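J.: just to be clear, the model below is a prediction. Sequence and coordinates:
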Amino acid sequence: MNYTVLGAGGAEYGMKNLALKYGASAALIFVNTNILIYAFVFIVYGVVGALPDSSELLDTASDSGYLLIMALNEFASYLVPMIVLPLIFRSELTDRRRIPAFAENSGYKRIFGSAAILFLAGITCAMSMSTVTSYISEILNTLLGVPETRTAFSETMPTNVFKYAVFEICTCIIAPVCEELIYRHYLLKPLRIYGDITAAVVPSLLFGLSHFNFDQFLYTFTFGLFLSIIAIRTGSVLPSIICHILNNVMVGLNVYMPETFGSDAVDAFFGAAADVCALATGLSYIAGWIALILVVVLRLYKLRGSTGELPAKRQFFLIFTNPLMTVSIVLMLAVTFMKLYR
């Protein structure tokens, strides 16, 4: 299917205009994560601190304090992008005629077909990228004296059943749903007007950079790329949400579970759950290599480079040479690198 994009000044003009919007989106992600979140938390803590008997709420070591800081973090992380991005891309998101379906592969019937294969392959590739990250960290430590890379959420690790439940709800339900809507819907769909390759790569890059954590970048970028392909091929963000939730559940049980919950019975229960999850993760990693072969053989990675007269290379050039996009990416990388020394 060849879908020609027309506009007031042709595809080139339309893509330049869209590149400006993506530059604004990248700037929004940077400002929201590094300024607005802290300002919002500071204001809320100031208001809460003025209330009587608020000391426990402000103590993150307490259950109520932990709940407050996690809730504030989730609220502040996603509220502004979820409101502003639909406004930025309003014309592209509402004009469905300009976004072509993925031929015969669109529809929910593909959720348990190509989506499952892509999910397993994505998990395997993302895990492999984590190994690469570890090697890079060792090299940086040896050559530049960069400290050991901190694990994400190291400052908010749960220590009991209540905190772990809050942590899992935030990271395994709220975060995946919001992030998929942001990166695999609001930021992916508008680019599909011009081509699927840029629609998969650009949001995935911003997704990886938005974590501002070197330990997560390659993992999230790689996994995000597979989630983008799933969203494109199924024609829906729902499969990518499900896959994202499954990934976070596995990570939450394998990486972020407390060593002890303070109860032998609870420790035994969650320990058994962790063992089952570790086995499932190991099996999915092995199955992922088979899935990766299927992805190549079945060409599930194949996307439209262009839906019209504007080649993918030209699309990338226009997006990444936009001054706002360039500056935002440089700032994201700078903050990520600086956080290595904290």
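T.: Noted; the coordinates are in hand. Computed from a prediction, not measured in an experiment: that's the story for all the values here.
J.: tally of neighbours for residue 333?
T.: Using other CB atoms under 10 Å, residue 333 has 14 other residues around it. Bear in mind the C-beta positions are built from the backbone N, C-alpha and C, glycine included.
J.: distance check, it against residue 175.
T.: 22 Å (CB to CB, to the nearest Å).
J.: residue 289 too?
T.: Residue 289 is 28 Å from residue 175, by CB to CB.
J.: neighbour count winner among these two?
T.: A count of neighbours by other CB under 10 Å puts residue 175 above the other of residue 289 and residue 175, at 18 against 14.
J.: so that one is in contact with residue 74, correct?
T.: Yes. Contact status for residue 175 versus residue 74: in contact at 6.9 Å, counting by CB atoms under 8 Å.
J.: could you look up the SS state of the residue nearest to residue 340 when sequence neighbours are not counted?
T.: Excluding the flanking residues, the one nearest residue 340 by CB to CB, 6 or more residues apart in numbering is residue 146, at 5.0 Å. Residue 146 falls in the coil class when you classify it by DSSP: H, G, I helix; E, B strand; the rest coil.
J.: how many residues are close by residue 146?
T.: 17.
J.: may I have stretch 243-250 as CSV, with CA atoms only?
T.: C-alpha atoms of stretch 243-250 as CSV (Å, rounded to 0.1, in the frame of the first residue of the first chain):
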residue,chain,number,x,y,z
CYS,A,243,3.4,-6.7,27.2
HIS,A,244,4.7,-3.8,29.2
ILE,A,245,2.8,-4.9,32.3
LEU,A,246,4.1,-8.4,32.0
ASN,A,247,7.7,-7.2,31.7
ASN,A,248,7.4,-4.9,34.7
VAL,A,249,5.9,-7.7,36.8
MET,A,250,8.8,-10.0,36.0
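J.: please enumerate residues in contact with it?
T.: The contact list for stretch 243-250 (CB atoms under 8 Å, 6 or more residues apart in numbering) reads 115, 119, 122-123, 126, 168, 171-173, 175-177, 179-180, 223, 227, 230, 277, 280-281, 284.
J.: the residues you listed in helices, which ones?
T.: Counted as lying in helices by DSSP state H, out of the contacts of stretch 243-250, are 115, 119, 122-123, 126, 168, 175-177, 179-180, 223, 227, 230, 277, 280-281, 284.
J.: buried subset of the residues you listed?
T.: Buried members of those, scored by 16 or more other CB atoms under 10 Å, are 115, 119, 122-123, 126, 168, 175-176, 179-180, 223, 227, 230, 277, 280-281, 284.
J.: list the residues that contact the residue sitting nearest the centre point of the chain.
T.: Centroid check for the chain by CA atoms, centre = their mean gives residue 207 as the closest residue, at 4.4 Å. The contact partners of residue 207, taken as CB under 8 Å, 6+ apart, are 179, 183, 220, 221, 224.
J.: save these as a markdown table, and put in pLDDT and distance to residue 265 too.
T.: Converted to a markdown table, these look like this (pLDDT from 0 to 100; distance: CB to CB, whole Å):
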| residue | pLDDT | distance to residue 265 |
| --- | --- | --- |
| 179 | 98 | 34 |
| 183 | 98 | 40 |
| 220 | 97 | 35 |
| 221 | 98 | 40 |
| 224 | 98 | 38 |
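J.: out of those, grab the one that's most surrounded.
T.: Busiest of those [other CB under 10 Å] is residue 183, holding 29 neighbours.
J.: surely that residue and residue 204 touch.
T.: Yes. The criterion here is CB under 8 Å, and residue 183 meets it with residue 204 at 7.3 Å.
J.: any weak-confidence spans in the stretch 101-250 of the chain?
T.: Applying pLDDT under 70 to the stretch 101-250 of the chain flags residues 102-112.
J.: ranges for the helices of it?
T.: Secondary structure of the stretch 101-250 of the chain (DSSP state H, counting those that start in this stretch): helices at 114-144, 161-169, 175-181, 196-209, 214-234, 238-254.
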